[in-house]
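A.B. asks: predicted model and sequence below, questions to follow.
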Amino acid sequence: MYLTDSLSYYAADRSTTIASIKFIDNGQRTVFTKLEPKDFDKLSKFVTENTYLWIKATFVVPNSLKNTDLGLNIPYLKTCSECYLNGNLLGSYGSFPPNEFSPGYVSNYYLLPQGLLNIYGENTIYLKIWTGGSGSISKNLYISEANYAQFHSTIITFFSSKIILIFTGAMFVAFIIYLLMFIGLKKVHRHQEHIVFALLNLYTISFLLIFFAADIPFLTSSVLSYLTFLKFGFFFGAYLTIYFANGFILSFLHIHQSGKTMIIRTSILALAAIPTLTAPSYKTLSYLVIPSIILSFCQFYFTIPKLIDHLKHKETRANAKKLLKGFSPVLFCIPVDFILRCGFVYRDLPYFTLYGWQLTVITFMSFLVKQFNDIYINNIKLSNQLTDFNTHLEKQVAERTKEISEKNLILTEGLHAVSNVQKNFLPPKKRTFRGWELAISYTPLVNEVSGDLYDYYYSGENLDGIGIFDVSGHGIPSGLMTILAKGIISQHFLNGITQSEPISQVLENINKTYIQEKVNVENYITGLLFRFSSFNKKDTCSVEVANAGHPHPYLYKADTKEIVEIQYEDPREQYGMIGLNDLPVSFPPVSFRMAPDDIILCFTDGLTDACNAQHEEFGKERLKEILKSYAFESAVNIRNKIKEALLEFTNNNPSNDDITFIVLKRNNSKDYIEELQDNYIPPLTNMGA
């Protein structure tokens, strides 16, 4: 017997008792108003904060049921209720104010004892309801045989409440597992999807507590008010669930959240949560819920476009599809619930979205199991390979050693070949010309193959110029490029003399030709190019030098005993190196005069950058002190003093670069005697390979 059409309502003060209601109802005036079906979900609109809603239903026991135990089943009723049959209390669900609490989403079942029934007349059922700002009652409440009504009520309660408790237990297990995974893998796993998914499950549990609140004793105690439980448990849990669902999507897709995105998402969470958490009453809370939920869903503005973008690109499509597969159950159930509930089709059914969410959790748990399974299988394969490798280790080591030895032999032969070529094309390290004494130190880094290049240009007994260059890199590649560079530099230097070109133009021509000749080789050269004039009557000569990104050389002036760096007066107008295509260069010339006993010292950066065991550099100041202290000696002795000081400073600490430097000292041009033999040069064993 469905009671839908017989329902009527009356709002009464909280102090009103069942006796008062019966007295009022049996009076001359009718105070109960018919409850229309459209208002079944809006009971709260009939009451205030200080009133309860009384709902009355009348029925007559049909002849077929007069000797049968009957039961009343209300599939759902929010929030708290007491049931009376003909003025007699049958029972209650939930707790009334001041310690109010909802029983959750359970079916309300009441046994209608035969002793309280009016078998031959009209019976009246009164329901005393506290709505809590969102009261509603099922349209399908009915009276039937007690066994059927009780069984049906148990089924409804199981699918609407008890099963959610089981689901919550599964989510708690998922929370623990993913939390432990995050803790265990945080040192080797950069992504945050484990901890985000763990928190997503935790806050979903908070959201679901309302469905089985009556089964948890501490929730229904007087310590926690129902309003507080709704605000901090149900609604704030819902907002956090949406927040971490967005975070999980971004983490699963390996999308890094910018600081701005994080601030906006957190601000949206705060804007939704703060009004809810500070709501003073149930009525106010009911008005804030829908706007706050809509605001929370605005966070998907940051995730859905990125998900669509990942679906468009082949390299990220598989992971995006995997994410959609995991969320597909809940995505399917959300519109189903919307149609059934918001469309008012049938509201007595449980929330299918909750089932969809549990399937989503299970799906991602299956991903986790598969991930561990793949790791386990891969570890077994690696273990088998390791066992096989250990079994054949000796053979493999022998074969590998032979292969490496053959490659080393080829490499050594290549190094020797390049070294021999360099030895043949580099001029002697010590030479005298009319008015000049020249001493050179040249120490390659790798097997006598160097990226440093030096050269001097002369005609007969006259020195026309010198050059020192440093090719980027080390070993065979840079050594081969020095061979190419030497020919280009020599050709353009001689052309510059015959065509009376400025030394800066000569260096620019070298740069252009080198870029053309080296084709696609990625390297560059820094260097200095000097050109000397003939001696005048006072035995002085003019010197012209251009610098292509090389360390500035030093000039020792014998008359003042001072050392100066040779550089262009405005360093901003000197820039660029040799061999960098499309890079502007400017090599302005520097001119000065040299008299007898003046000295030029030029070097590659391997000299000043050489370090001792304490990582201190040899440096320019130490170099200038040596030059000044031994300026009165020959160029060869000055060179040897520098090498000895370098050996003592580094104390066999290996160098990281080739080391080349040139000492060029002016002599009296009238005392020139051609020298045929080089002096002794102390070895730099610690600076070589």
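C.D. replies: Now that the structure is in, tell me what you want to look at.
A.B. asks: helices and strands of the chain: which one bottoms out on pLDDT?
C.D. replies: helix 393-425 (a mean of 59; mean pLDDT, DSSP states H and E).
A.B. asks: what's the next secondary structure element after that one?
C.D. replies: The helix or strand immediately downstream of helix 393-425 is strand 430-433, counting by DSSP states H and E.
A.B. asks: tell me the mean pLDDT over that next one?
C.D. replies: Mean pLDDT, strand 430-433: 89.
A.B. asks: name the SS class of the residue of the chain positioned farthest from its centre, please.
C.D. replies: Largest separation from the mean C-alpha position in the chain: Tyr120, at 77.3 Å (CA atoms, centre = their mean). With DSSP: H, G, I helix; E, B strand; the rest coil as the basis, Tyr120 sits in coil.
A.B. asks: check the gap between it and Asn63 for me.
C.D. replies: Distance, Tyr120 to Asn63, by CB to CB, to the nearest Å: 10 Å. For glycine as for every other residue, the C-beta is placed from the backbone atoms N, C-alpha and C.
A.B. asks: same check, this time on Phe211
C.D. replies: Counting by CB to CB, the gap between Phe211 and Asn63 amounts to 40 Å.
A.B. asks: the two: which is more packed in?
C.D. replies: Per other CB atoms under 10 Å, whichever of Phe211 and Asn63 has more neighbours is Phe211, with 23 against 9.
A.B. asks: and what about the more buried one, helix, strand or coil?
C.D. replies: For Phe211, the assignment made with three-state DSSP gives helix.
A.B. asks: hang on, it packs against Tyr105?
C.D. replies: Yes. Contact criterion CB atoms under 8 Å: Phe211 and Tyr105 qualify, at 4.8 Å.
A.B. asks: what's the overlap in contacts for those two?
C.D. replies: Counting by CB atoms under 8 Å, 6 or more residues apart in numbering, the contacts common to Phe211 and Tyr105 are 160-161, 164.
A.B. asks: can I get the residues you listed in TSV with distance to Phe364 and secondary structure?
C.D. replies: As requested, the shared contacts of Phe211 and Tyr105 are exported to TSV (distance: CB to CB, whole Å; DSSP: H, G, I helix; E, B strand; the rest coil):
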residue	distance to Phe364	secondary structure
Ser160	25	helix
Ser161	25	helix
Ile164	19	helix
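A.B. asks: tell me the one of those nearest Tyr556?
C.D. replies: Set against Tyr556, the nearest of the shared contacts of Phe211 and Tyr105 by CB to CB is Ile164 (92.3 Å).
A.B. asks: hang on, the earlier thing: mind listing what the residue farthest from the centre of the chain touches?
C.D. replies: With CB under 8 Å, 6+ apart, Tyr120 has no contacts at all.
A.B. asks: again, only using 10 Å
C.D. replies: The neighbours of Tyr120, taking CB atoms under 10 Å, 6 or more residues apart in numbering as the test, are 60-61, 63, 66.
A.B. asks: in helices, which of those fall?
C.D. replies: Using DSSP state H, the subset of those located in helices is empty.
A.B. asks: in those, which residue is surrounded by the most others?
C.D. replies: Counting neighbours by other CB under 10 Å, the top entry in these is Val61, with 21 neighbours.
A.B. asks: I'd guessed that residue sits against Gly121; true?
C.D. replies: Yes. Using CB atoms under 10 Å, Val61 is in contact with Gly121, at 8.9 Å.
A.B. asks: so which residues of the stretch 501-650 of the chain form helices?
C.D. replies: For the stretch 501-650 of the chain, helices defined by DSSP state H, counting those that start in this stretch occupy the ranges 503-518, 605-608, 620-629, 635-650.
A.B. asks: dump the ones you listed into JSON lines; add mean pLDDT, distance to Ser591 and mean neighbour count as well.
C.D. replies: Below are the helices of the stretch 501-650 of the chain laid out as JSON lines (pLDDT from 0 to 100; distance: least, CB to CB, whole Å; neighbours: other CB atoms under 10 Å):
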{"stretch": "helix 503-518", "mean pLDDT": "91", "distance to Ser591": "9", "mean neighbour count": "20"}
{"stretch": "helix 605-608", "mean pLDDT": "92", "distance to Ser591": "25", "mean neighbour count": "21"}
{"stretch": "helix 620-629", "mean pLDDT": "93", "distance to Ser591": "22", "mean neighbour count": "15"}
{"stretch": "helix 635-650", "mean pLDDT": "93", "distance to Ser591": "22", "mean neighbour count": "19"}
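A.B. asks: as a markdown table, those with distance to Lys561 would be great.
C.D. replies: Output for the helices of the stretch 501-650 of the chain, formatted as a markdown table (distance: least, CB to CB, whole Å):
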| stretch | distance to Lys561 |
| --- | --- |
| helix 503-518 | 28 |
| helix 605-608 | 22 |
| helix 620-629 | 7 |
| helix 635-650 | 15 |
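A.B. asks: of those helices, which is nearest His474?
C.D. replies: Nearest of the helices of the stretch 501-650 of the chain to His474, taken as CB to CB: helix 605-608 at 10.2 Å.
A.B. asks: packing partners for the closest one?
C.D. replies: If you count contacts as 3 or more CB pairs under 10 Å, 6 or more residues apart in numbering; DSSP states H and E, helix 605-608 packs onto strand 436-443, helix 620-629, helix 635-650, strand 659-666.
A.B. asks: can you lay out those as TSV showing distance to Asp39?
C.D. replies: TSV is the format used below for the helices and strands packed on helix 605-608 (distance: least, CB to CB, whole Å):
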stretch	distance to Asp39
strand 436-443	100
helix 620-629	94
helix 635-650	96
strand 659-666	97
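A.B. asks: looking at those, which is nearest to Lys370?
C.D. replies: Nearest to Lys370, of all those, is helix 635-650, at 58.4 Å by CB to CB.
A.B. asks: where are the low-confidence patches of this structure?
C.D. replies: Where the chain drops to pLDDT under 70, the residues are 27-30, 187-191, 218-223, 341-348, 389-424, 446-448, 674-689.
A.B. asks: I figured Arg434 hits Lys670, correct?
C.D. replies: Yes. With contacts counted by CB under 10 Å, Arg434 reaches Lys670, the gap being 8.7 Å.
A.B. asks: which of these two has more neighbours?
C.D. replies: Between Arg434 and Lys670, counting by other CB under 10 Å, Arg434 is the more crowded of the two (19 against 10).
A.B. asks: relative to Ile642, how far out is the more buried one?
C.D. replies: Distance, Arg434 to Ile642, by CB to CB: 25 Å.
A.B. asks: try Phe352
C.D. replies: If you measure Phe352 against Ile642 using CB to CB, the figure is 87 Å.
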